[in-house]
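Novice: Coordinates only, no sequence provided:
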């Protein structure tokens, strides 16, 4: 049973990499730790130290920066075209 589920999980991961790209897949994989930490805090009363809050913030800033670069980095620059007529 576990092998069957693992096969389809890996298949889904490879499909995600093919669709989005390896860098996006890695960023999403690292950013999923943020909601896991928050759920642990709220559901299980885990203590989040100042160091953990710092790294959650660094993770979120990295994700936002990557998203910003991905959205705006691929667009061609729009320049004002001046006709000499």
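Specialist: Perfect, thanks for sending it. In this text, all values refer to a predicted model and were calculated from it rather than measured experimentally. Numbers count the residues shown, from 1 in each chain.
Novice: Just give me the residue right at the centre of this protein.
Specialist: residue 28 (2.9 Å; CA atoms, centre = their mean).
Novice: can you give me how far the helix or strand hosting that one is from the chain middle?
Specialist: Take DSSP states H and E as the rule and residue 28 turns out to sit in helix 22-31. Helix 22-31 has its average C-alpha position 5 Å from the chain's average C-alpha position, going by CA atoms, centre = their mean, to the nearest Å.
Novice: Determine the set of other helices and strands touching that helix.
Specialist: Identification of packing neighbours for helix 22-31 by 3 or more CB pairs under 8 Å, 6 or more residues apart in numbering; DSSP states H and E yields helix 2-20, helix 50-73. In this view, the C-beta of every residue, glycine as well, is placed from N, C-alpha and C.
Novice: Output those helices in a markdown table, with distance to residue 37, mean pLDDT and mean neighbour count appended to each entry.
Specialist: As requested, the helices and strands packed on helix 22-31 are exported to a markdown table (distance: least, CB to CB, whole Å; pLDDT from 0 to 100; neighbours: other CB atoms under 10 Å):
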| stretch | distance to residue 37 | mean pLDDT | mean neighbour count |
| --- | --- | --- | --- |
| helix 2-20 | 22 | 90 | 10 |
| helix 50-73 | 6 | 88 | 12 |
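Novice: Go through those and name the closest to residue 34.
Specialist: Within the helices and strands packed on helix 22-31, the stretch nearest residue 34 is helix 50-73; the backing value is 5.5 Å (CB to CB).
Novice: Lovely, talk soon.
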